[in-house]
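[1] structure here, sequence nowhere to be found:
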DNA sequence: CCAAAAGTGTTACGATTACACCCATGG
DNA sequence: CCATGGGTGTAATCGTAACACTTTTGG
């Protein structure tokens, strides 16, 4: 079998939870339904999950939006390559999590020469506000632009993976600031999951699993008043599985 | 940056649950502890998860055992390639499930030229008994031989993934025969998970989730007597997620 | 003193485990 | 008629969702 030259590239869906001003006086009505799901967070802003994209200035597919990524170098592995490519778009220090998703290898996924893409999920904390190159921007996942090649599929995979891991790991540490109140954490979960979660129960679940730890400090209330909120932090700074078994647990210590 | 030639290969850990005769009269005592976990299935055989390996006849690493796999062709994607490579070892029709795990891309994972490996998990049902080439054999995961390069890591990943998916998907369909009794299914789960599961509860969990369906038929009891067992089948023949959320479920229909 | 935000307590429910008990068959 | 495997019933447990209620603050 003949083998022509093949390029290997990384392709990363970088997510951040971002607060957008609610466009009250905009042209369209306050139609904020977006699939009937609305987050009742602060009244004048909505919090949404966003992806980092750059716009192609040249053909092929000029004008469509692409995920950051690029060609694998000779003396790096894919993780390092993804980090290196990302450094051109966001400060690498801001990247709090990076994990492999899957490989896209259809021979005709892009015009030749053939490119095999390893897809990644990357996360950036709420508080980070990296400088972006002029061709690059955050796009809310609820309103994605025309995307290049199979990049839309990568984003969908990444969202699914993130939502799943929010449920059984401490992965939210990579989306949250160092210190936070439960309301902030709730906003993050709502945005990343795409549905409402109850603050009370969130606190209880994460506390019992020792995913979060109270710092003892409290945050001053906003100008509307209200009781000061307790400040928490994530117990671990690395990914940890917290609820391994959905069912069929190993037998107890009988 | 210069780019020298890089090969892309697939690498598949194919698992099958297999029954081994219990070596009573063997040289060593009936020491069947294997980490304290023993399956109390049929008294004269033990049921174990096994991987398909072939022995390298040439250097590098002559004599070590490798996972089946090989170089990606120009006009196939990785899934097709893995299937094609496997056809040399087992009949492809026997392969009931194939899924991507992750990519191994360390520049020095094998001697040059560089090879990037996409790891796969493959499954073969209990009943299949494929003809194997002379250099190829099933190895119980509890007693793996010296393995080539990073192939041991692939096997470990694959086992972990399999165990996790047994808990929240219907993936056992790929390990079980078309029709089976609950005892057989229990054997399969025990072997694949590495710990005991209760037949009663297994039946209930899988029934409520509609993973298995009773066929109405019953199986004749063995020579020791006993009540005839009901025969079941898997409801779906493709992979299906049956218990998506470990916690943080979406709000109910309130 | 009232509204707003945060935290606590309580109940209900669903899923799962563990285990005792009843059924059918071969010797 | 009894040992052996198979199936059913049930109580105890655990984790979570839902929601009402109390606490603390600013205006």
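    Received it, and whenever you're ready, just let me know what you need. In this text the structure is predicted, and so the values were computed from the model without any measurement. Numbering: from 1, shown residues only, chains lettered A, B, ... in the order given.
[2] how about the strands in chain A?
    Along chain A, counting by DSSP state E, strands occupy A:6-21, A:45-55, A:65-66, A:69-71, A:97-104, A:114-124, A:136-140, A:180-181, A:212-219, A:229-234.
[3] so which bits of the stretch 101-250 of chain A are right by DNA strand D?
    Counting by C-beta under 7 Å from any atom of the strand, the stretch 101-250 of chain A comes close to DNA strand D at A:198, A:200-201, A:204-205, A:208-209, A:220-221, A:223-228, A:243. Every residue, glycine included, has its C-beta placed from N, CA and C.
[4] max pairwise distance over these: which two?
    A:223 and A:243 (38.6 Å; C-beta to C-beta).
[5] more crowded one of those two?
    Ranked by neighbour count (other C-beta atoms under 10 Å in any protein chain shown), residue A:223 and residue A:243 place residue A:243 first, with 15 against 5.
[6] ok, longest helix in chain A?
    Counting by DSSP state H, the longest helix found in chain A is helix A:151-168.
[7] flag every buried residue along it.
    A:151-152, A:154-155, A:157-159, A:161-168 (16 or more other C-beta atoms under 10 Å in any protein chain shown).
[8] tell me, how many neighbours does the residue of the stretch 151-254 of chain A found nearest DNA strand D end up with?
    Per C-beta to the nearest atom of the strand, residue A:225 is where the stretch 151-254 of chain A lies closest to DNA strand D, at 2.7 Å. Residues contacting residue A:225 under the criterion other C-beta under 10 Å number 6.
[9] surely residue A:148 and residue A:61 touch.
    Yes - with contact defined as C-beta atoms under 8 Å, residue A:148 counts as touching residue A:61 (4.8 Å).
[10] and these two? which has more neighbours close in?
    When residue A:148 is set against residue A:61 and neighbours are counted by other C-beta under 10 Å, the residue ahead is residue A:148, at 19 against 16.
[11] can you pull the pLDDT of the residue nearest to residue A:221 when sequence neighbours are not counted?
    In space, and not counting its chain neighbours, residue A:221 is closest to residue A:228: 5.5 Å by C-beta to C-beta, 6 or more residues apart in numbering or on different chains. Residue A:228 is assigned a pLDDT of 94 by the prediction.
[12] and the average pLDDT for stretch A:47-62 is what?
    94.
[13] which parts of that stretch are buried?
    Per 16+ other C-beta under 10 Å, stretch A:47-62 contains these buried residues: A:47-55, A:61.
[14] one more: stretch A:132-143?
    A:136, A:138-141.
[15] likewise stretch A:85-104?
    For stretch A:85-104, by 16+ other C-beta under 10 Å, it's A:85-86, A:89-90, A:94-104.
[16] next one: the residue nearest the centre of chain A from DNA strand D, what distance?
    Per C-alpha atoms, centre = their mean, the C-alpha nearest to the average position across chain A is that of residue A:15, at 2.7 Å. Going from residue A:15 to DNA strand D by C-beta to the nearest atom of the strand, to the nearest Å gives 22 Å.
[17] give me the pLDDT for that residue.
    Value listed for residue A:15 in the pLDDT field: 98.
[18] please apply the same query to residue A:23.
    At residue A:23, the pLDDT value in this model is 56.
[19] one step back: weed out the non-buried ones from the residues of the stretch 101-250 of chain A next to DNA strand D.
    The neighbour-count test (16+ other C-beta under 10 Å) marks A:205, A:209 as buried among those.
[20] among the residues of the stretch 101-250 of chain A next to DNA strand D, name the ones in helices.
    A:200-201, A:204-205, A:208.
[21] what's around residue A:188, how many residues?
    Count around residue A:188 with other C-beta under 10 Å applied: 23.
[22] correct me if wrong: residue A:46 contacts residue A:17.
    No - counting by C-beta under 8 Å, residue A:46 sits too far from residue A:17 to count as a contact (11.1 Å).
[23] return the set of buried residues in stretch A:237-247.
    Buried residues in stretch A:237-247 (16+ other C-beta under 10 Å): A:242, A:245-246.
[24] touching it from outside, list them.
    A:97, A:99, A:165, A:167-171, A:173-174, A:209, A:211, B:164, B:167-168, B:205, B:243, B:246-247 (C-beta atoms under 8 Å, 6 or more residues apart in numbering or on different chains).
[25] give me the pLDDT value at the closest residue to residue A:106 other than its chain neighbours.
    Leaving out its chain neighbours, the residue that sits closest to residue A:106 by C-beta to C-beta, 6+ apart is residue B:77, at 4.9 Å. Looking at residue B:77, its pLDDT stands at 95.
[26] residues touching residue B:77, list them.
    Contacts of residue B:77 (C-beta under 8 Å, 6+ apart): A:105-107.
[27] what is the nearest of the residues you listed to DNA strand C?
    The closest of the contacts of residue B:77 to DNA strand C turns out to be residue A:105 (C-beta to the nearest atom of the strand; 35.1 Å).
[28] thought residue B:72 was touching that closest one, still the case?
    Yes - the pair residue A:105 / residue B:72 is scored as a contact, 7.2 Å apart, by C-beta under 8 Å.
[29] the stretch 51-200 of chain A against DNA strand C: which residues are in contact?
    A:181-183, A:199-200.
[30] and which of the residues you listed is nearest to residue A:251?
    The closest of these, once distances to residue A:251 are taken by C-beta to C-beta, is residue A:200, at 32.7 Å.
[31] so where's the stretch 1-150 of chain A uncertain?
    Applying pLDDT under 70 to the stretch 1-150 of chain A picks out residues A:1-4, A:22-44.
[32] and with 80 instead?
    Low-confidence segments of the stretch 1-150 of chain A (pLDDT under 80): A:1-4, A:22-45.
[33] got the residues of it near chain B?
    Contact residues, the stretch 1-150 of chain A versus chain B (C-beta under 8 Å from any C-beta of the partner chain): A:1-8, A:71-79, A:100, A:102-103, A:105-107, A:114, A:116, A:118.
[34] among the residues you listed, name the buried ones.
    A:6-8, A:72-73, A:76-79, A:100, A:102-103, A:105, A:107, A:114, A:116, A:118.
[35] what's the per-residue pLDDT of the spatially closest residue to residue A:164 that is not a sequence neighbour here?
    Of all residues not flanking residue A:164 in the chain, residue B:244 sits nearest, at 7.3 Å (C-beta to C-beta, 6+ apart). As predicted, residue B:244 sits at a pLDDT of 89.
[36] likewise for the one 5 residues further on?
    Listed pLDDT for residue B:249 reads 89.
[37] distance of it from residue B:243?
    Using C-beta to C-beta, to the nearest Å, one gets 10 Å for the distance from residue B:249 to residue B:243.
[38] got it, and residue A:116?
    From residue A:116 across to residue B:243, the span is 33 Å (C-beta to C-beta).
[39] before we move on, what about residue A:65?
    With distances taken as C-beta to C-beta, residue A:65 is found 35 Å from residue B:243.
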